[in-house]
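Colleague: Structure, please.
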Amino acid sequence: MKILFALLSYLFGAIPTGYIFYFLSEKKDIRTSGSKATGATNILRLKGWRYGLPVLIIDIFKGFLPVFLAFKLFPDENFALMCAFLTIIGHCFPIYIKFKGGKGTATTIGVYAAVAFKPFLCIVILFLLVAAITRYVSLGSLLAALSFPFFVILFKGNIEIVYLSLAVFLLILAKHQSNIRRLIKGNESKLGEKIN
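Modeller: The predicted structure follows:
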């Protein structure tokens, strides 16, 4: 049962929401446009809030539901945390579209909402502040992911959650390499800018 649930966590996380929305609208692969990621930020820049917001909500839900159910169905917190990581892996490397997916931020937010609610609220506030002040979604995402383990420690959370969040940060860091290079060069796209 656990093996099946773990597999389903990955497969659920791997549903390429942004790819589906963009293909239905444009009849094109979103991975050939904008940042070439399938996540909500690229959809937002390419198609606006009408498409970006639903993708964001669904991707957050993708992260939340498997982990929430794992905690409810199995008396094993470490297993739930494994499912959490598999869900994020699914979003970043979806089997349905040859393992080239999003950068993991929205799905991670959903996962963290299920894993540790108070630290989750803290990083959401941090993300919103950084994104509002700098208008760099990528910078907000990286700082939120980096800060989550520290908030877990602050609220005396489980050390296994800290380990999970460090692994997730390394994954998000790897997926944001191009963003980091653009941030350093000063040509990263800002929130509200459309990509042609």
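
Colleague: Which residue is the nearest non-sequential neighbour of residue 112?
Modeller: residue 120 (4.3 Å; C-beta to C-beta, 6 or more residues apart in numbering). To be clear about C-beta, it is placed using only N, CA and C from the backbone, and glycine gets the same treatment.

Colleague: Do you know the pLDDT at residue 6?
Modeller: On the pLDDT scale, residue 6 is placed at 97.

Colleague: Need the residues that contact the longest helix along the chain.
Modeller: For the chain, the helix with the greatest residue count under DSSP state H is helix 49-73. Contacts of helix 49-73 with the rest of the structure, by C-beta atoms under 8 Å, 6 or more residues apart in numbering, involve 5, 8-9, 12-13, 15, 17-18, 21-22, 25, 39-41, 43-45, 77, 79-80, 83-84, 86-88, 90-91, 102, 106-115.

Colleague: Buried among those? Make that a PyMOL selection.
Modeller: Buried members of the contacts of helix 49-73, defined by 16 or more other C-beta atoms under 10 Å, are picked up in PyMOL with:
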select buried, resi 5+8+9+12+13+15+17+18+21+22+39+40+41+43+44+45+79+80+83+84+86+87+88+90+91+102+106+107+108+109+110+111+112+113+114+115
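
Colleague: The helix or strand hosting residue 5 to helix 49-73, inter-axis angle?
Modeller: Using DSSP states H and E, residue 5 maps to helix 2-13. Counting by axes from the mean of the first three to the mean of the last three C-alpha atoms, to 10 degrees, helix 2-13 lies at 170 degrees to helix 49-73.

Colleague: Which SSE is immediately downstream of helix 2-13?
Modeller: Going down the chain from helix 2-13, the next helix or strand is helix 17-26, by DSSP H and E.

Colleague: That following helix packs against which elements?
Modeller: Secondary-structure packing of helix 17-26 (3 or more C-beta pairs under 8 Å, 6 or more residues apart in numbering; DSSP states H and E): helix 40-47, helix 49-73.

Colleague: quick one: it to chain centroid distance?
Modeller: Centroid separation for helix 17-26 versus its chain: 18 Å, with C-alpha atoms, centre = their mean, to the nearest Å.

Colleague: Same check on stretch 159-177?
Modeller: With C-alpha atoms, centre = their mean, you get 11 Å for stretch 159-177.

Colleague: for stretch 150-159, same thing?
Modeller: For stretch 150-159, the separation from the chain centroid amounts to 20 Å (computed by C-alpha atoms, centre = their mean).

Colleague: Please spell out which residues along that stretch are buried.
Modeller: Within stretch 150-159, the residues scored as buried using 16+ other C-beta under 10 Å are 151-152, 157.
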